[in-house]
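Peer 1: Have a look at this prediction, sequence included:
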Amino acid sequence: MLNITHNTIKDKAGMKNLNSFRILNTRTNSRRLIKTLYVFGAICLLVLFLPWTQNIKSTARVTALKPNQRPQTIHSIIAGRIEKWYVQEGQFVKKGDTILFISETKEEYLDPKLVQNTEQQLKAKELTVKSYFEKVNANDEQIDALIQSRILKLEQARNKLIQANLKVQSDSIDLSAAQLNYKIAKDQLLRMEELFKEGLKSLTDLEVRKQKLQETQAKVISQENKFIGSKNEVLNAKIELQSINADYSDKIAKSESEKYASLSNMYDAEAIVSKLQNQYVNYSIRSGMYYILAPQDGYITKAIQSGLGETIKEGTEIISIMPFDYELAVEMYVNPMDIPLLDKGQHVQIQFDGWPSIIFSGWPGISYGTYGGEVVAIDNFVSENGKYRVLVAHDKDYPKWPKEIRLGAGAQSLTLLKEVPVWYELWRQINGFPPDYYKQFNATGKQNKDEKK
């Protein structure tokens, strides 16, 4: 049995009819097995030196490339009550189409003629401002007239003062002449008295001289009265000049006071007009917010608020809409340890859920059912799940992504890194080392200066 001796029992009678002996006799030759093992070992050794593309596997989901292309919810800017729906779920709407109508619930806006009444108040206040403005103009004209009148009156008073001063001078001269005549008459009387004593003149001549002296004395007194009266006229002219100036200054000050009071009232009215204008515009805009409109073309996906008569608050989500025109992208989440290996423009292989595929992670060239992507954005801050979000768009050098893909679908991503031998990758995986630090190179084969820095 063990072939220890040259004596064999194969040819013994009846041995060929035994089933167990027949099975043992047909066993595989050990040399053939050894050759097979050698060939298998050689193949495994060759495989260890084949190139292997390092990669980063991560879960992902389909999204839109631009924020305005992603699903969004429509909110109500004002509080209100749902009165009428104009759409249903799954319906296509264009930008500006009416989605629903809400009515007012706040007390200060319940008046159906609120906008018209506010407009009437605004017009009334504008007329008030206009009337105050006209009053200010009238006060300005009155002040100008008073100023001109004061100039004329002061000129007249100055002329009168000049006349009074000239009259004083004239009366002063007349008084001096009268005093001189009185002195002459007095001297003549003294000489006449001496001549009368000597008998050279008669008594009649003496009495005539006395009468002449009385007349000149009376003229002196009269002229003194005129002179004093002229002085009083000068004083009166000066007083009148000051009185005119004070009187017109008082009138001008009073007109200016009325003018400034009108200006103050006008400014208050303008402030009220501005406030009413603000209210009028706000009420007009608010009245247009009763109709909730579609912000862009898209499909109504879900009515968050439903029914009629339901009240909603400001900022309440009412309905969600999916934009009609969007550009697909994939957002994947990468561990912080692998994030230094990624860079914008790096190639990514993507497998979409629902699309059959055969993936060889280390040999992407022979993979089937995967689609090409390109890294377009990398977050600088870690997400809530402890990973960094990376946004991947379609790579134009690869076939287009399937049109049937919908936003929110799942995906698996393979970010391709550096090519290394298979043995190196096995050694790295066994030791738990990260993939090699990889940077893209330009067409000349040199690393960019910014990346070196």
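Peer 2: Looks like it came in fine.
Peer 1: and the longest strand that the chain contains, what other elements does it pack with?
Peer 2: Identified as the longest strand of the chain according to DSSP state E is strand 51-64. Using 3 or more CB pairs under 8 Å, 6 or more residues apart in numbering; DSSP states H and E as the contact test, the elements touching strand 51-64 are strand 328-334, strand 347-352, strand 410-421, helix 422-431. Backbone N, C-alpha and C define where each C-beta goes, glycine included.
Peer 1: rerun at 10 Å
Peer 2: Counting by 3 or more CB pairs under 10 Å, 6 or more residues apart in numbering; DSSP states H and E, the packing neighbours recorded for strand 51-64 are strand 328-334, strand 347-352, strand 388-394, strand 410-421, helix 422-431.
Peer 1: What pLDDT is listed against residue 123?
Peer 2: Confidence at residue 123, expressed as pLDDT, is 90.
Peer 1: List the contacts of it.
Peer 2: 273, 276 (CB atoms under 10 Å, 6 or more residues apart in numbering).
Peer 1: ok, now which residue in the chain is the farthest from the centroid?
Peer 2: Largest separation from the mean C-alpha position in the chain: residue 199, at 125.5 Å (CA atoms, centre = their mean).
Peer 1: got a list of contacts for the next helix or strand after the longest strand of the chain?
Peer 2: Next in sequence after strand 51-64, counting helices and strands by DSSP states H and E, comes strand 72-75. Outside of strand 72-75, the residues within contact range by CB under 10 Å, 6+ apart are 99-100, 292-296, 298, 300-302, 304, 312, 314-323.
Peer 1: List the contacts of residue 268.
Peer 2: By CB under 10 Å, 6+ apart, the neighbours of residue 268 are 125, 128, 129, 132.
Peer 1: do the same with residue 300
Peer 2: By CB under 10 Å, 6+ apart, the neighbours of residue 300 are 74, 87-93, 97, 99, 294, 319-322.
Peer 1: List buried residues within the contacts of strand 72-75.
Peer 2: 99-100, 292, 294, 298, 300-301, 312, 316, 318-323 (16 or more other CB atoms under 10 Å).
Peer 1: now, which of these lie within strands?
Peer 2: Counting by DSSP E, the buried ones among the contacts of strand 72-75 place 99-100, 292, 298, 300-301, 312, 318-323 in strands.
Peer 1: Just put those residues in CSV and tack on pLDDT.
Peer 2: CSV is the format used below for those (pLDDT from 0 to 100):
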residue, pLDDT
99, 90
100, 90
292, 89
298, 89
300, 90
301, 87
312, 86
318, 88
319, 89
320, 90
321, 90
322, 87
323, 87
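Peer 1: In the residues you listed, find the pair that's most separated.
Peer 2: 312 and 323 (23.5 Å; CB to CB).
Peer 1: Outline the domain layout of the chain.
Peer 2: 52-67+326-444, 72-104+290-322, 114-285 (automatic domain parsing).
Peer 1: Go ahead and measure how far the last one is from the middle of the chain.
Peer 2: Centroid separation between domain 114-285 and its chain, computed with CA atoms, centre = their mean, to the nearest Å, is 64 Å.
Peer 1: what does the shortest one give?
Peer 2: The offset between the C-alpha centroid of domain 72-104+290-322 and the centroid of the whole chain comes to 27 Å, using CA atoms, centre = their mean.
Peer 1: again with stretch 396-410
Peer 2: For stretch 396-410 - counting by CA atoms, centre = their mean - the centre lies 38 Å from the chain centre.
Peer 1: For that stretch, buried residues please.
Peer 2: In stretch 396-410, counting by 16+ other CB under 10 Å, buried: 401, 405, 407, 409.
Peer 1: Which one of these is nearest to residue 171?
Peer 2: Distances from residue 171 to these, taken by CB to CB, are shortest for residue 407, at 115.3 Å.
Peer 1: Kindly indicate whether the closest one is helix, strand or coil.
Peer 2: coil (DSSP: H, G, I helix; E, B strand; the rest coil).
Peer 1: ok, it touching residue 64?
Peer 2: Yes. Taking CB atoms under 10 Å as the definition, residue 407 is a contact partner of residue 64 at 6.1 Å.
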